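Engineer: Show me the folded form of this:
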Amino acid sequence: MSELSQAVSLHPYFKVQPGKLDAFKETMKEFVARTSTEDTCYYYDFSVCDDVVFCREAYAGATGVLRHLENVGSCIEEALTISELIRLEIHGPAAEIDQLREPLADLNPDFFVHLTGVPK
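Structural biologist: Model prediction:
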């Protein structure tokens, strides 16, 4: 099984307040700058559809996710002053997901447990 098969991916969706998209884009720059220092990050990028911002990101296991959230905590706080977290999905192997259920419970995520895929 490949290392990526053990990855945990986060899928947060932010609905940005009217007129605040440019400010959110500035916050994105800080998110990216901080995340670029993380050695457990496989990929990290943003995409936008109207007033909804999506962050596509994946990490080496639950530990990588928790380190990332600690690293960007103040960015998340800033983003939430001009947006609402309308959905959060977390995808990964059951053993990794189980390590995240309690520490991320306040975020009310939907947990998706990996079942099968293409072996690499």
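
Engineer: where in the chain is pLDDT low?
Structural biologist: Applying pLDDT under 70 to the chain picks out residues 1-3, 119-120.

Engineer: Could I get the full set of strands for it?
Structural biologist: 8-16, 41-49, 52-59, 83-92, 110-113 (DSSP state E).

Engineer: and these as CSV, adding mean neighbour count and distance to His68?
Structural biologist: The way it works is simple: take the backbone N, C-alpha and C, and place the C-beta from them, glycine included. Output for the strands of the chain, formatted as CSV (neighbours: other Cβ atoms under 10 Å; distance: least, Cβ to Cβ, whole Å):
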stretch, mean neighbour count, distance to His68
strand 8-16, 20, 8
strand 41-49, 14, 7
strand 52-59, 19, 6
strand 83-92, 17, 12
strand 110-113, 13, 17
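
Engineer: possible to save these as JSON lines with distance to Glu77?
Structural biologist: Output for those, formatted as JSON lines (distance: least, Cβ to Cβ, whole Å):
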{"stretch": "strand 8-16", "distance to Glu77": "13"}
{"stretch": "strand 41-49", "distance to Glu77": "17"}
{"stretch": "strand 52-59", "distance to Glu77": "15"}
{"stretch": "strand 83-92", "distance to Glu77": "11"}
{"stretch": "strand 110-113", "distance to Glu77": "22"}
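
Engineer: quick one: which of those strands is nearest Leu104?
Structural biologist: In terms of Cβ to Cβ, the element of these nearest to Leu104 is strand 83-92, at 7.0 Å.
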